[in-house]
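Asker: just need the structure, nothing else, for what follows:
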Amino acid sequence: MQMQTVLNFLKRPIVMVVLAAIVGIALGLAWGWGVDPVKFVDATPAYLRDDLREDYLRMTIDSFRVNADPNLAVQRWQSLGQFGPELLQRVTANPKGLDPNTLAAFTQLAGQFPPTAASQGGGTTSVSGWVLSIFLIALLALAVAGGFIFLRRLLAKSGGGEPTVSMQAVEASRNAERTDFEGLGLAPPITQVMTTYLLGDDLYDESFSIDTQGGEFLGEYGVGVSETVGVGDPKKVTALEVWLFDKNDIKTATKVLMSEHAFNDQNLRSRLEPKGELVLVEPHKQIILETETLQLLATVADLQYGQAAPAGNSYFERLTLELAIWPKGG
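Answerer: Here you go, the predicted structure:
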C-alpha cells in the first residue's frame, strides 16, 4: 500500500510538473557535462590570470631579444588585447632583468601596432558547444512554456482567485463536527481525521499514516475514488474505496462505499465486488474495517447527491467521512 500511495502522489499535476523539470535539468546537465561538454579552443593569453599575462609579456619581450622577429612579436603583443598597454607600463616600470634596449625596441614596436578589437575578444567555442547552448536554451524555453500553461490552467480552474475544489474540501472537513469518543465513554483513537470529497476533485485520493505517540509506524489508511458514472467533466463519482493497511497483516482491508444507484446496479456491483465489501452510503452510517492489530471506524458525517443525469442518487456532490483508528481490542 505504501507503493500505491507513492503512485497516487505522483499522479498529482504539480508533482508531475516538478518532476519533469528536475528530469529535464538533470538530462541537460548530463548532456552538457558528460556527453557533449563545451570545448573552448584557440583562446588567447588575454584570458589568462593577470599575473600570468604579465609573465607572458615578459617572455614575449625576452623572445624578441633572441629571435628579433618583429612580426612574431607584434602577433604575441596583440594577443594580449586590451590588457597589453597596462601590462607594458607595469613591465617598463619594473623590468626585472629584461634587456633595456630590447624593452625600448619592443615598446616602440608596440606603439605602432595597438591592440585590435578582434584581438581583445580572443577564442571561439567549438561547434558542439554552440549546439549544446541551443539545446539548453530550447529546454529552458519549453520548461517556462510548460510552467506558464500549467499556471494558466490552474488559475482557470480556480476561477481567477476563487477557492479551488480541493481548498473547499479542506474547509468543509475543517468545519465538520468531530465525534467526541471520550465523551461517549470510549478510548481515544490513535488518530482521527475528517476528509471530504467534492464534485470536481477528479484526483481525490487521501492517505494518512498511523503512528504511536512514540513515533512507531503502525500502518496507513485512506480513501479514494473507486468508480465513476456518465461522461464528461467533472467526473461523477459513484463509489469510493476506504482502505486500512496494517504492517502486521499481509492483507489490506478495503470496503467500497457506493451510491444508492451504484448499490442497486448489478453491473456496477459485479465490477466493484473484487475490490472489497460493498457498502451502501447513508447519512451517519458507520463502517468498520479490521486488520490483524488495527480497527478503523468510518462515519458518514455529511452526504449530498448530485442532481444531474444519468440517474437519481447516482453520484456524490459532497461526501464527508470521519476516519478514526484504534488498536484492535482497544
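Asker: quick check: which element contains Val225?
Answerer: Applying DSSP states H and E as the criterion places Val225 in strand 217-229.
Asker: quick one: buried residues of that strand?
Answerer: Residues 218-227, 229 are the ones in strand 217-229 that count as buried (16 or more other C-beta atoms under 10 Å). C-betas here are computed from N, CA, C, even on glycine.
Asker: any idea which of these the model trusts least?
Answerer: By pLDDT, Val229 ranks lowest within these, coming in at 90.
Asker: what pLDDT is listed against the residue nearest to that residue when sequence neighbours are not counted?
Answerer: In space, and not counting its chain neighbours, Val229 is closest to Thr238: 4.5 Å by C-beta to C-beta, 6 or more residues apart in numbering. For Thr238, the pLDDT comes out at 94.
Asker: quick one: the helix or strand harbouring Thr238 to strand 217-229, angle?
Answerer: For Thr238, the element it lies in under DSSP H and E is strand 236-246. Computed by axes from the mean of the first three to the mean of the last three C-alpha atoms, to 10 degrees, the angle separating strand 236-246 from strand 217-229 equals 160 degrees.
Asker: the helix or strand following strand 236-246 - contacts with which helices or strands?
Answerer: The helix or strand immediately downstream of strand 236-246 is strand 253-258, counting by DSSP H and E. On a contact count with 3 or more C-beta pairs under 8 Å, 6 or more residues apart in numbering; DSSP states H and E, strand 253-258 meets strand 217-229, strand 236-246, helix 266-272, strand 277-280, strand 286-290, strand 294-305.
Asker: go again with 7 Å.
Answerer: Where contact means 3 or more C-beta pairs under 7 Å, 6 or more residues apart in numbering; DSSP states H and E, strand 253-258 is packed against strand 236-246, strand 277-280, strand 286-290.
Asker: what sits against Arg58?
Answerer: Going by C-beta atoms under 7 Å, 6 or more residues apart in numbering, Arg58 touches 91, 98.
Asker: where does it land in three-state SS?
Answerer: Three-state call for Arg58 (DSSP: H, G, I helix; E, B strand; the rest coil): helix.
Asker: and Ile22, by the same measure?
Answerer: Classification of Ile22 using three-state DSSP returns helix.
Asker: circling back to that earlier point, deepest in the core, which of the helices and strands packed on strand 253-258 is it.
Answerer: strand 236-246 (a mean of 24; mean count of other C-beta atoms under 10 Å).
Asker: just give me how far it sits from the chain centre.
Answerer: How far strand 236-246 lies from its chain's middle: 27 Å, per C-alpha atoms, centre = their mean, to the nearest Å.
Asker: give the pairing partners of it; include direction for each.
Answerer: Within its sheet, strand 236-246 is paired with strand 217-229 (antiparallel), strand 253-258 (antiparallel), according to DSSP bridges.
Asker: dump it to PDB, keeping only the CA atoms.
Answerer: C-alpha atoms of strand 236-246 as PDB (Å, rounded to 0.1, in the frame of the first residue of the first chain):
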ATOM      1  CA  LYS A 236     -19.200  11.800 -11.500                       C
ATOM      2  CA  VAL A 237     -18.000   9.600  -8.600                       C
ATOM      3  CA  THR A 238     -20.400   6.800  -7.700                       C
ATOM      4  CA  ALA A 239     -18.200   4.800  -5.400                       C
ATOM      5  CA  LEU A 240     -15.200   5.500  -3.000                       C
ATOM      6  CA  GLU A 241     -12.800   3.000  -1.500                       C
ATOM      7  CA  VAL A 242     -11.900   3.100   2.200                       C
ATOM      8  CA  TRP A 243      -8.800   1.000   3.000                       C
ATOM      9  CA  LEU A 244      -6.700   0.100   6.000                       C
ATOM     10  CA  PHE A 245      -3.100  -1.200   5.800                       C
ATOM     11  CA  ASP A 246      -1.600  -2.900   8.900                       C
END
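Asker: which SSE is the residue of the chain most remote from its centre in?
Answerer: Within the chain, the residue lying farthest from the chain centre (C-alpha atoms, centre = their mean) is Asn101, at 67.3 Å. Asn101 belongs to helix 100-112 when elements are defined using DSSP H and E.
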